[in-house]
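**Q** Just a sequence and a predicted model for now, questions to come.
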Amino acid sequence: MKYYIIAGEASGDLHASNLIKELKRLDTTSDFRCWGGDLMKDQGATLVMHLGDLAFMGFVEVLMNIRTIIKKIKFCKRDILQYKPDALILVDYPGFNMRIAKFAKKAGIKVFYYISPQVWAWKQGRVHKIKKSVDRMFVILPFEKDFYKRFDYDVDFVGHPLLDAVAGTSCKSNDADFRKEYEIGEKPVIAVLPGSRKQEIARMLPVMMNVVEKFPHYQFVVAGVRSLPAEYYNNLCKEYNVKLSFGNTYRLLTHAKAALVTSGTATLETALFGVPEVVCYKGSTVSFMLAKKLVNIKYISLVNLVMDKEVVKELIQQDFNSENLSKELSNILSDDRSIEMKNEFIRLKEMLGGEGASAKTAGLIMNLLR
């Protein structure tokens, strides 16, 4: 069968690549065409558009690039019709994917959605559009099934795919080898995860770097993404004694004592590695003010949302400054707070369900297509 898959972010690329692997195992005749990243391409999918050309974040940023986005939507629709897939699989990225879902449904193509848009946070009315356009939704957060049930829409909770990604990582390297490779010495490691998009890294990383000199007995290591050149990070970090690690975030987290993390999927990844963290976020002023009016959630980090309480400290917008960041980092480096947070992470992992999300989703898709 032929599958057209669209993922617009780095986390979506990871989860979609694992889904492709499982679909290939079940369907030996499978062919994949996708919008995504290098991980999907590595699984043998034909890459039509790289996610580096799709990463627009925030209300203002989307408006500034609206013409480009509209052109890409039109191109995507033409490409889908030309390819004639047996199934369209959408991975998160709702602003783009919901428009494609509506189009594909009208064209008579089976539409599956893997990783729900966060309609429970804002624009709950979109659930009605999802019911009309999506043949089956596969959700990865435990509270999402009950949320959709309130709208009389049955969805499948498959567990969180990060459990598979973390369990299957091959980065459990010897600590001595890791330190030798990055010339770290004996200092404990603090991981810095500033995000995956250029504009968010530009906002987050300078503030994160401002705390480095206050912790001279620790080695800070910045997790870079391969889609951005080393020069970009060097320009932001050159004044500080930090190391750069590209495309090895999981390996870095394996050896980290604590982490500074930009809000997003990385907050959950860090927790699943049992690393105490401070969650950080700062957007443009206009985007943040609009979000405050539209978003109806108590927390921004997935860790706190799933646990329904403040497990990790969130420093948002004006609260995200070097003084607060230093204070919270000192806090999680203390033994009592570190142990407390790690125990909460164990309970978090239990709530997310067992491993095998990609395999479950692939099996359900195959059954529905047959």
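**A** Received the coordinates, thanks.
**Q** Identify the bridge partners of the spatially closest residue to residue 136 that is not a sequence neighbour.
**A** Nearest residue to residue 136, sequence neighbours excluded (Cβ to Cβ, 6 or more residues apart in numbering): residue 112, at 5.3 Å. Where you see a C-beta, it was placed from the backbone N, CA and C, and this is true even at glycine. Beta bridges link residue 112 to residue 89, residue 136, judged by DSSP bridges.
**Q** I'd guessed residue 112 sits against residue 86; true?
**A** No: in this structure, residue 112 is not within contact of residue 86 by Cβ atoms under 8 Å, at 10.8 Å.
**Q** Looking at the two, which one has more neighbours?
**A** Taking neighbours as other Cβ atoms under 10 Å, residue 112 and residue 86 compare with residue 112 leading, 23 against 14.
**Q** Look up the pLDDT of that one for me, please.
**A** Listed pLDDT for residue 112 reads 98.
**Q** Quick check: it vs residue 2, distance?
**A** 14 Å (Cβ to Cβ, to the nearest Å).
**Q** Please apply the same query to residue 365.
**A** From residue 365 across to residue 2, the span is 13 Å (Cβ to Cβ).
**Q** domain assignment for the chain?
**A** 2-160+354-369, 169-351 (automatic domain parsing).
**Q** ok, now which ones touch the closest residue to residue 204 other than its chain neighbours?
**A** If you skip the residues right next to it in sequence, residue 204 has residue 194 as its closest partner in space, 4.4 Å away by Cβ to Cβ, 6+ apart. Contact analysis of residue 194 by Cβ atoms under 8 Å, 6 or more residues apart in numbering lists 200-201, 204-205, 208, 222-223, 262.
**Q** Same check on residue 112?
**A** Residue 112 sits in contact with 87-90, 134-138, 365, 368, where contact means Cβ under 8 Å, 6+ apart.
**Q** likewise residue 211?
**A** Residue 211 makes contact with 260, 322, 325-326, 329 under the criterion Cβ under 8 Å, 6+ apart.
**Q** List just the nearest of these to residue 157.
**A** Nearest to residue 157 out of the contacts of residue 211 is residue 260 (Cβ to Cβ; 31.1 Å).
**Q** Backbone dihedrals for the closest one, please?
**A** phi -110, psi 120 (degrees, to the nearest 10).
**Q** Please apply the same query to residue 315.
**A** According to degrees, to the nearest 10, residue 315 has phi -110, psi 110.
**Q** For it, give its distance to residue 15.
**A** From residue 315 across to residue 15, the span is 27 Å (Cβ to Cβ).
**Q** Surely residue 169 and residue 250 touch.
**A** Yes: with contact defined as Cβ under 8 Å, residue 169 reaches residue 250; the gap is 4.5 Å.
**Q** With neighbour numbers in mind, choose between those two.
**A** residue 250 (18 against 14).
**Q** Please determine how far the more buried one is located from residue 356.
**A** Distance of residue 250 to residue 356, given as Cβ to Cβ: 19 Å.
**Q** In terms of helices and strands, where is the residue nearest to residue 39 when sequence neighbours are not counted?
**A** Once flanking residues are discounted, residue 39 sits nearest to residue 17: 3.7 Å by Cβ to Cβ, 6+ apart. Residue 17 belongs to helix 10-26 when assigned by DSSP states H and E.
**Q** Buried residues of that helix, list them for me.
**A** 10-24 (16 or more other Cβ atoms under 10 Å).
**Q** Tell me the one of these nearest residue 297?
**A** Nearest to residue 297 among the buried residues of helix 10-26, with distances taken as Cβ to Cβ, is residue 11, at 18.4 Å.
**Q** mind checking how far the residue nearest to the closest one when sequence neighbours are not counted is from residue 14?
**A** The shortest distance from residue 11 to any non-neighbouring residue, by Cβ to Cβ, 6+ apart, is to residue 265 (3.9 Å). Using Cβ to Cβ, residue 265 is found at 8 Å from residue 14.
**Q** and what of residue 178?
**A** Here the criterion is Cβ to Cβ. By it, residue 178 lies 22 Å from residue 14.
**Q** and if you look at residue 141?
**A** 16 Å.
**Q** Residue 187 is in contact with residue 218, isn't it?
**A** Yes: between residue 187 and residue 218 there is a contact at 5.6 Å, judged by Cβ under 8 Å.
**Q** neighbour-wise, which of these two wins?
**A** For residue 187 versus residue 218, neighbours defined as other Cβ under 10 Å are more numerous around residue 218 (17 against 14).
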